[in-house]
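Novice: Sequence first, then the predicted structure, then my questions.
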Amino acid sequence: MKILVTGGAGFIGSHTVVELIDNGYNPIIVDDLRNSKKFILNNLEKISGEKIAHYSIDCGNIDKLSAVFEKENPEGIIHFAADKAVNESVINPLKYYHNNISNLINLLKVVSKFPVKSFVFSSSCTVYGVPDLIPVDESAKIKPAFSPYGYTKQVGERILTDFVKTFPDISLSLLRYFNPIGAHTSGLIGELPLGVPNNLIPFITQTAIGKRDFLTVYGNDYNTSDGTCIRDYIHVMDLANAHVLTLNHGLENNTKPLILNVGTGKGNSVLEIIESFEKVNNLPLKYIIGPRREGDVPAIYADNKLITQKIGWKSKYSIEDALKHSWIWEQKLSQ
């Protein structure tokens with residue numbers, strides 16, 4: 001069965017492509033490589049041992065997308081293609097509204113003309129804004145987003161929910177995931193920031209290998225155990241597995257929509273992650289404390305009971321595994 005994966009050469013998308021192949025699916029990648037590089041596609045084929053179809057097109061291009069659908073006729077879609085940095089979205093909101101909302105609408109214009117059975121949307125815990133209670137579950141009130149990025153995910157969920165009401169044969173799943181980290185155990189794919197990283201782990205690994213002189217911790221005056229932000233860090237391979245299990249569920253059950261948190265259910269502070277990285281990899285890290293970063297919520301982590309109940313998903317990898325795999329990936333990038 002063919003599954004269209006938008007953003008399939010990106011961090012989460014590439015790992016999900018591997019997981020799809022491991023589960024007998026035929027992934028079709030649509031990715032213009034604006035946030036990735038060609039060697040990721042080559043490494044995907046090394047990992048899987050299979051030739052993988054790739055179309056280097058913008059998801060907002062209706063004509064080119066339509067041609068891909070005509071040729072491949074996918075039965076399922078996993079939609080990753082989007083910009084995803086909270087802080088950057090504050091600085092450049094129009095980029096996020098265009099890429100994350102306008103391109104989604106154009107994709108759905110194409111989907112409406114083809115017999116797609118299951119649509120899995122890459123959403124985010126940022127839809128919760130600053131939650132009243134943590135861990136946060138799927139019934140939590142959707143509060144004002146703390147960033148344009150978070151708002152695009154709120155709007156994306158609403159657009160999709162309204163869209164599938166008019167297309168009763170399409171099953172919709174919205175995955176609200178937390179903070180993906182780690183890399184494939186092969187060390188051949190992982191997070192690949194182009195330019196200055198927006199996420200914590202690439203900053204850590206680039207500092208450890210000497211690409212950066214020091215790591216900046218943004219704020220140590222939050223109302224948390226050590227004053228730094230708390231997040232739910234999930235191994236990207238666990239996250240990829242959640243996408244495939246959700247796709248399976250959507251193909252077998254017509255969900256309208258199925259909303260699931262994807263997280264470990266545990267929160268770790270920035271300083272705890274730094275200390276764990278140092279311990280796991282036996283490396284010292286130089287860091288400084290900087291000001292708070294606009295758009296960051298103080299603390300959030302998942303209540304993940306529902307995803308276990310609905311699709312039987314559980315995380316398999318530990319924080320230590322993820323930090324070890326991230327370091328192996330960084331070293332291979334520098335070879």
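Specialist: Yep, it's here. Residues are numbered from 1 along each chain as shown.

Novice: where's Ser89 relative to Glu252, distance?
Specialist: 35 Å (Cβ to Cβ, to the nearest Å). For the C-beta atoms, the positions are set from N, CA and C on the backbone; glycine is no exception.

Novice: next one: Ile29
Specialist: Taking Cβ to Cβ, one finds Ile29 at 24 Å from Glu252.

Novice: got it, and Pro291?
Specialist: 49 Å.

Novice: Give me the number of neighbouring residues for Phe214.
Specialist: 11 (other Cβ atoms under 10 Å).

Novice: for the residue lying closest to it once chain neighbours are set aside, phi and psi?
Specialist: Nearest non-adjacent residue to Phe214, counting by Cβ to Cβ, 6 or more residues apart in numbering: Lys286, 4.4 Å away. With angles defined as degrees, to the nearest 10, Lys286 sits at phi -90, psi 120.

Novice: I'd guessed Trp327 sits against Phe277; true?
Specialist: Yes. At 7.4 Å, Trp327 counts as touching Phe277 under the criterion of Cβ atoms under 8 Å.

Novice: Find the residues that touch each one of the two.
Specialist: The overlap between the contact sets of Trp327 and Phe277 (Cβ atoms under 8 Å, 6 or more residues apart in numbering) consists of 208, 283.

Novice: Next, give phi and psi for Gly10.
Specialist: Torsion angles, degrees, to the nearest 10, at Gly10: phi -80, psi -170.

Novice: quick one on the thing from earlier: ok, now how distant is the residue nearest to Phe214 from Ile204?
Specialist: 11 Å.

Novice: Over to Glu278?
Specialist: 9 Å.

Novice: Which one's more surrounded, those two?
Specialist: Neighbours were counted for Glu278 and for Ile204 using other Cβ under 10 Å; Ile204 has more, 28 against 15.

Novice: my guess is the more buried one meets Phe277, correct?
Specialist: Yes. Counting by Cβ under 8 Å, Phe277 is a contact partner of Ile204 at 5.4 Å.

Novice: Which neighbours do the two have in common?
Specialist: The contact lists of Ile204 and Phe277 share Leu285, where a contact means Cβ under 8 Å, 6+ apart.

Novice: Quick one: find the helix or strand in this structure with the lowest mean pLDDT.
Specialist: helix 86-91 (a mean of 88; mean pLDDT, DSSP states H and E).

Novice: buried residues in it?
Specialist: The neighbour-count check on helix 86-91 (16 or more other Cβ atoms under 10 Å) flags 86, 88-90 as buried.

Novice: Could you take these and lay them out as a markdown table, with extra columns for distance to Ala183?
Specialist: Shown next, in a markdown table, are these (distance: Cβ to Cβ, whole Å):
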| residue | distance to Ala183 |
| --- | --- |
| Val86 | 21 |
| Glu88 | 22 |
| Ser89 | 25 |
| Val90 | 27 |
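
Novice: Contact partners for Ala9?
Specialist: Going by Cβ under 8 Å, 6+ apart, Ala9 touches 29, 31, 33, 36-37, 40-41, 44, 54.

Novice: Also Pro144?
Specialist: Gly129.

Novice: Could you tell me which residues make contact with the residue nearest to Gly219 when sequence neighbours are not counted?
Specialist: Nearest residue to Gly219 in three dimensions, chain neighbours excluded: Arg292, at 3.7 Å (Cβ to Cβ, 6+ apart). The contact partners of Arg292, by Cβ under 8 Å, 6+ apart, come to 218-219, 221-222.

Novice: Could you identify the most distant pair in those?
Specialist: Tyr218 and Asp221 (10.6 Å; Cβ to Cβ).

Novice: so how many other residues sit close to Lys286?
Specialist: 10.

Novice: just to revisit the earlier point, restrict the contacts of Arg292 to the buried ones and give me that as a ChimeraX selection.
Specialist: For the buried members of the contacts of Arg292, the matching ChimeraX selection, counting by 16+ other Cβ under 10 Å, is:
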select :218,219,222
